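[1] just coords:
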DNA sequence: CTTTGGTCGTTCAGATTTGAACCATCACTG
DNA sequence: CAGTGATGGTTCAAATCTGAACGACCAAAG
């Protein structure tokens, strides 16, 4: 057991700020989505991902990876969205085990209605607070860490 | 209703990477803490905050603000930590409504034992992946957004 | 001293998440 | 074709979080 490399002042400040910001932002987003459409953030992300796919459909596992949710959490949320009529389940033609989540017309309309307000929050509290340089630094840095965290 | 200012490519990339990274990192941290000491991340954060205070004690509301948790979530977690013997509740001498959460000796020892492994994860997946410049940019940027999100 | 409005922390019901267990199916091997 | 190990998605119980409602207390004003 080697000695611990503790975080120095700059590192600690970065980590604390990152942590606080991500939690606070999550709260704001959740609040805004709930108020404007009764959606949770995970649900919103699911709709976004589906809408970006050809055929507006995606395999459950792939979708779970995309939105960073556990398989059971996704099962639950898809069931909720299905009850709300925003998503449907289809059996996958190429793999009988598989399930495709498909965005419905109502789901697409819901998304189009909610997205502007959501983007506004993301802008107001994060994107518009950063300079272009900061934005680019953050993108490359976050992509690197995301890469490290996957796999 | 003015036209929506959608996120351009750079902005979207920044936001997606930030979101994915924060969720993935949260998962890793949770996993590591659970395995090494049966703690959740919120619980760990509570111990850290308390340990940094004179007298190892803090008011519930202030603590909730610090770790970015709702009042009821904090009540729940402090109860859990109390059952585990890591924290105690004391009535606040200056305000009979108030409750002070106090870190116990066992709590402090637990923290000292768990912290190295936790820091290692934060380093391995975030801090050590960033250059010094990136770190500093992120700190100022995140602090600015944190500021905006509080209040 | 009482009233008033606000803060403090808890409680409660309901919603969501987690992780393990499970069954069905796949892909490959012999 | 049977056997094997891995994968896909669901289910379940337990843990946790949310938001509203609540009772207790504070602080300032009358």
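    Good, I have the coordinates. A quick note: this is a predicted structure, and the numbers were derived from the prediction, not measured.
[2] SS state for residue A:6?
    Here residue A:6 takes the coil state, with states given by DSSP: H, G, I helix; E, B strand; the rest coil.
[3] nearest spatial neighbour of it, chain-adjacent residues omitted?
    The shortest distance from residue A:6 to any non-neighbouring residue, by Cβ to Cβ, 6 or more residues apart in numbering or on different chains, is to residue B:119 (6.3 Å). In this view, the C-beta of every residue, glycine as well, is placed from N, C-alpha and C.
[4] could you give the mean pLDDT of the helix or strand hosting the one you found?
    Residue B:119 belongs to helix B:105-125 when assigned by DSSP states H and E. Across helix B:105-125, pLDDT averages out at 97.
[5] which stretches of chain A form helices?
    Along chain A, counting by DSSP state H, helices occupy A:9-37, A:41-51, A:60-67, A:71-83, A:105-125, A:132-149.
[6] surely residue A:24 touches residue B:69?
    No: Residue A:24 is beyond contact range of residue B:69, at 11.1 Å (criterion: Cβ atoms under 8 Å).
[7] shared neighbours, these two?
    Counting by Cβ atoms under 8 Å, 6 or more residues apart in numbering or on different chains, residue A:24 and residue B:69 have no contacts in common.
[8] re the thing from before, pick the most buried one from the helices of chain A.
    Burial of the helices of chain A is given as mean neighbour count (mean count of other Cβ atoms under 10 Å in any protein chain shown); helix A:41-51 ranks first at a mean of 21.
[9] that helix near DNA strand D anywhere?
    No: Helix A:41-51 stays clear of DNA strand D (Cβ under 7 Å from any atom of the strand), getting no nearer than 10.4 Å.
[10] now distance to DNA strand C too, for the helices of chain A, in JSON lines please.
    Converted to JSON lines, the helices of chain A look like this (distance: least, Cβ to the nearest atom of the strand, whole Å):
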{"stretch": "helix A:9-37", "distance to DNA strand C": "9"}
{"stretch": "helix A:41-51", "distance to DNA strand C": "4"}
{"stretch": "helix A:60-67", "distance to DNA strand C": "9"}
{"stretch": "helix A:71-83", "distance to DNA strand C": "3"}
{"stretch": "helix A:105-125", "distance to DNA strand C": "15"}
{"stretch": "helix A:132-149", "distance to DNA strand C": "14"}
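[11] need the ones you listed in JSON lines (columns: distance to residue A:96).
    Below are the helices of chain A laid out as JSON lines (distance: least, Cβ to Cβ, whole Å):
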{"stretch": "helix A:9-37", "distance to residue A:96": "35"}
{"stretch": "helix A:41-51", "distance to residue A:96": "22"}
{"stretch": "helix A:60-67", "distance to residue A:96": "14"}
{"stretch": "helix A:71-83", "distance to residue A:96": "18"}
{"stretch": "helix A:105-125", "distance to residue A:96": "25"}
{"stretch": "helix A:132-149", "distance to residue A:96": "32"}
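[12] residue B:74: which of the ones you listed is closest?
    Distance to residue B:74, taken as Cβ to Cβ, is lowest for helix A:9-37 among the helices of chain A, at 13.1 Å.
[13] packing partners of that closest one?
    Packing partners of helix A:9-37 (3 or more Cβ pairs under 8 Å, 6 or more residues apart in numbering or on different chains; DSSP states H and E): helix A:41-51, helix A:105-125, helix B:9-37, helix B:132-149.
[14] which residues touch the first one?
    If I follow you right, that is helix A:41-51. Outside helix A:41-51, the residues that touch it by Cβ under 8 Å, 6+ apart are A:26, A:29-30, A:33, A:39, A:56-58, A:63, A:66-67, A:69, A:73-74, A:77-78, A:80-81, A:86-87, A:101-103, A:107-108, A:110-111, A:114-115, A:118.
[15] so which residues on chain A come close to DNA strand D?
    By Cβ under 7 Å from any atom of the strand, the part of chain A that sits against DNA strand D consists of A:27, A:30-31, A:34, A:59-62, A:71-72, A:74-76, A:78-79, A:89, A:92, A:95, A:97-100.
[16] measure residue A:108 to residue B:78 for me?
    Residue A:108 is 44 Å from residue B:78, where distance means Cβ to Cβ, to the nearest Å.
[17] next up, the contacts around residue A:142.
    With contacts defined as Cβ under 8 Å, 6+ apart, the neighbours of residue A:142 are B:14, B:17-18, B:20-21.
[18] run the last query once more with 6 Å
    By Cβ atoms under 6 Å, 6 or more residues apart in numbering or on different chains, the contact set of residue A:142 is B:17-18, B:21.
[19] in a markdown table: those, plus distance to residue A:50 and pLDDT.
    Listed next are the contacts of residue A:142 as a markdown table, based on distance: Cβ to Cβ, whole Å; pLDDT from 0 to 100:
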| residue | distance to residue A:50 | pLDDT |
| --- | --- | --- |
| B:17 | 20 | 96 |
| B:18 | 21 | 96 |
| B:21 | 22 | 96 |
